[in-house]
Structure formats: structure tokens, C-alpha cells
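Undergrad: Show me how the following folds:
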Amino acid sequence: MLFVGYGRQFGRWYLGAEAEGETSQADWSFAKSKADARSSSLDKDDSYGLSLRGGYVVDNGSLLYLRAGRVETRFDSFYTVNDQLVAAGSRDDRQSGSRFGVGADLPAGERLFLRMEYVYTDYDAYPVAYGDDEGTTSERFAPEEGQFRLGLGWRLTANPSPLPRLPAVRGFYVGAHAGHGGVDSRLEGRHSESGEPAFSQPYAGDFAGLGGVYGVFAGYGRDFGRWYAGLEAEIDTADIDWMHRRDTNGSGGRDFSVQKKSDYGIALRLGYSLPNGTLLYGRAGPVRGRFNTTWAKGNNADANIDRSYKVDGMRYGLGAEIPLGAMAFARLDYTRTYYDSYRFTTAHGSPDDMQFENRESLFRMGLGLRF
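TA: I've put the predicted structure just below:
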């Protein structure tokens, strides 16, 4: 990704405009081998956009900002009924979307700065036309996207170096955070259909959803010169989910969903303090998450799945803590969590055997106090 912009500072307040361009290899796909089932995919390619940025410069020179703008992104979209590939729908064109974000520019010199930001993009919905037994129809695509981005920037005009602000980063601390993120799930398994051998229908699909998260954290750390090491515990409540509903013609339809409810975990944090007191850190540690999972088919509701699974995982991440005073700090934190898979076999007369593997991306902003 490349970005270029212009901004002005009015006292502590900042206002600017920024253009950006990027390439991507993000994609998802959905496929089932049954003849009258649907298969679909979406590939994201290049993107460009323009945003306004407004923010506030804290004592150590770090800029905390919000952004809002529009983007144009090329998507390769595909949708078909498996036994009617000659009438498959395909589009390869640009779609518009609204982008909103939050982030920080962290001074690393008079001109050099580090950037951490999270953006959410809501693209305008568009149809993909395809053919089925009833003629030509269309499927509605409405992509949403959450991105965490790291960057390096160079200001053409040098800013005066702020006075070093080096509050101690040792001792106990507590804080609270809120944020946004996504759960992406890989489903693999085998379906059974009436009149066919059991588990004769291979199935695979990618599904994802976005939502909010909030929680608390507490920990202890020590500094060793500029270097830092510590341990942290966290508890989160979340409302991140996705749902698949079968609303097309044909037999054997299934409705299913995943909802992330909560998690708790511990992490080892290692970091380095910049000259202006901002702590950059990496983190890793185990977590346990709770996922509510549903699976429904046919008319026998008693055989459907509606269960809460507690699943272990490993969480990795990075972040920055920006001093706001002798004790207070602001935090920007991004994590990626890989959870163990779980599986079930339904009790229907024609049972399904499915495995769910969930992964999670979270961006959280927090406020903390050191003691």
C-alpha cells in the first residue's frame, strides 16, 4: 500500500486529506459437489481512494486521528448453479465503498513516522446475473471489509521534536478497551442427501462476519533500558457473527451460523520504547473463546445443532502504548487468533458431518493506568 497526503496543524488539532492505493490477494469461496447446489467466489484486486483525516496531537507528538472517505476497488465475482456452468455469472469490475478508520502516526524522528490504523469499508451492493432452471436471475453481493494496516511515512517538512516524555513503563497496570473485528471460518465436511449414500456429498466453504468487542485488561511489566517485558491477562465480550441462509430452490437446504460470544487469556508482551516514550510491543499467548454454532436442515428440529463450544486458541499481536501523562496511556492493539477446530455429526436421518475452524482478527483501542 502507498499513501500520500497533506495536512495542517491548528494548535493541537489536525486536519488533512490523503490519497491511497493498494493491491490485495484477499478472497473467499463456497462450493458443494451436489448438482443443483450453488458455488460462488469473490477475489479482491487493486484499490484506490481518498479520505479526510482529523485528529489531535498529544504531548509526545503522536497524532491520534479519524478518517472518512470513498474507495474504488476491483472485484472478481462469480456465482453459478453447479449443473449450469454455461449460464454462470461473472463480473470483473470496480465497486465503490465508504471507508472509515481510526489510527495513530507515531514520530520516529523529525520527519519519519510509524503508522498503525484500522479501517472498515462498506461497499455498495451490486448484482451478479446467472442462469437457473427458471431463466436468468441474479445474486446480490455486498462486501464488507476490516483491515489493520502498518506503515512508514516521511514528512517533507520537519516537525519540531517534542520534549522527551518518558514515564515509567514498569509496575502494575489496568485498563479497558473497545474495538472492532472479524471472525472467519473454514467449514469442511460431508453431507448426506435422501436416496444417496451417507456422507457422499463433499462440502467446503469460507464464511466471515464483523462485529464489536469490549473488555478489560491487567498486567505487570518491567523496563530494561528501552526494552520491556511483561505479562497480561484479558477478558472480552464480543458480538461478532455470520449466518448462512438457504433461500434458493431445491431440496436439502441448510441454515447455519457462528457467533463469537467471549474469551479470556494471558499473553507475554515484549517491546521497545521510542525516544518520545511510545511503547511498541509484540504479544503472544493462549486464549479460550466461546462460539455459539447452529446447523439446521429438514423438518426435524430436534436433530438440529445449537451448541456453545469453548475452544482453545493461540493469539498473536502487536500494538503501541502512547503516554498521556505520568500514569495514563492510550493503547492501539491488533491481534490474530487461531482457534482449534471442532466438529459434529447431526442426528438427522440423512446426517451431516461438519468441521468448523475459526480464526479471529481484532483491533482494540484502550485507556490504561499504571501504578
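Undergrad: Outside of stretch 4-23 itself, which residues are in contact with it?
TA: Outside of stretch 4-23, the residues within contact range by CB atoms under 8 Å, 6 or more residues apart in numbering are 1-3, 45-58, 63, 65, 67, 69. (C-beta placed from N, C-alpha, C; glycine too.)
Undergrad: Recalculate using a threshold of 10 Å.
TA: Stretch 4-23 has contacts (CB atoms under 10 Å, 6 or more residues apart in numbering) with 1-3, 44-59, 63-65, 67, 69, 71, 73-74, 99, 105, 119, 147, 149, 151, 153, 155-156, 159.
Undergrad: Can you point out the buried residues in it?
TA: 7, 14, 16, 18, 20, 22 (16 or more other CB atoms under 10 Å).
Undergrad: ok, for the third one, nearest residue in space, not its chain neighbours?
TA: Closest residue in space to Gly16, ignoring its immediate chain neighbours: Gly7 at 2.5 Å, by CB to CB, 6 or more residues apart in numbering.
Undergrad: for the fourth one, same thing?
TA: The shortest distance from Glu18 to any residue that is not its chain neighbour, by CB to CB, 6+ apart, is 3.2 Å, and that residue is Gly5.
Undergrad: element containing that neighbour?
TA: strand 2-10 (DSSP states H and E).
Undergrad: how far out from the middle of the chain is that strand?
TA: 26 Å (CA atoms, centre = their mean, to the nearest Å).
Undergrad: same check, this time on stretch 174-185
TA: 9 Å.
Undergrad: how about that stretch: buried residues?
TA: Of the residues in stretch 174-185, those buried (16+ other CB under 10 Å) are 175, 177, 179-185.
Undergrad: now do stretch 119-135
TA: For stretch 119-135, a neighbour-count test (16+ other CB under 10 Å) marks 119-121, 123, 126, 128, 130-132 as buried.
Undergrad: Which single strand of this protein contains the most residues?
TA: strand 201-224 (DSSP state E).
Undergrad: can you tell me the average pLDDT over that one?
TA: Average pLDDT, strand 201-224: 95.
Undergrad: partners of that strand, with directions?
TA: If you go by DSSP bridges, strand 201-224 pairs up with strand 27-32 (antiparallel), strand 171-191 (antiparallel), strand 227-244 (antiparallel).
Undergrad: In PDB, list the C-alpha atoms belonging to that strand.
TA: The C-alpha trace of strand 201-224 is given here as PDB (Å, rounded to 0.1, in the frame of the first residue of the first chain):
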ATOM      1  CA  GLN A 201     -21.500 -35.000  -0.700                       C
ATOM      2  CA  PRO A 202     -18.200 -33.200  -0.100                       C
ATOM      3  CA  TYR A 203     -18.600 -29.700   1.200                       C
ATOM      4  CA  ALA A 204     -16.200 -26.800   1.700                       C
ATOM      5  CA  GLY A 205     -16.800 -23.100   2.300                       C
ATOM      6  CA  ASP A 206     -15.400 -19.900   3.800                       C
ATOM      7  CA  PHE A 207     -17.600 -17.600   5.800                       C
ATOM      8  CA  ALA A 208     -16.900 -14.400   7.800                       C
ATOM      9  CA  GLY A 209     -18.600 -11.700   9.800                       C
ATOM     10  CA  LEU A 210     -17.700  -8.400  11.500                       C
ATOM     11  CA  GLY A 211     -18.800  -7.000  14.900                       C
ATOM     12  CA  GLY A 212     -17.800  -5.200  18.100                       C
ATOM     13  CA  VAL A 213     -15.800  -6.200  21.100                       C
ATOM     14  CA  TYR A 214     -15.100  -4.700  24.500                       C
ATOM     15  CA  GLY A 215     -13.200  -5.800  27.600                       C
ATOM     16  CA  VAL A 216     -10.700  -5.200  30.300                       C
ATOM     17  CA  PHE A 217      -7.000  -6.000  30.800                       C
ATOM     18  CA  ALA A 218      -4.500  -6.000  33.700                       C
ATOM     19  CA  GLY A 219      -0.800  -6.800  33.800                       C
ATOM     20  CA  TYR A 220       2.600  -6.300  35.100                       C
ATOM     21  CA  GLY A 221       5.800  -5.300  33.300                       C
ATOM     22  CA  ARG A 222       9.400  -4.200  33.700                       C
ATOM     23  CA  ASP A 223      11.600  -2.000  31.600                       C
ATOM     24  CA  PHE A 224      15.300  -2.800  31.000                       C
END
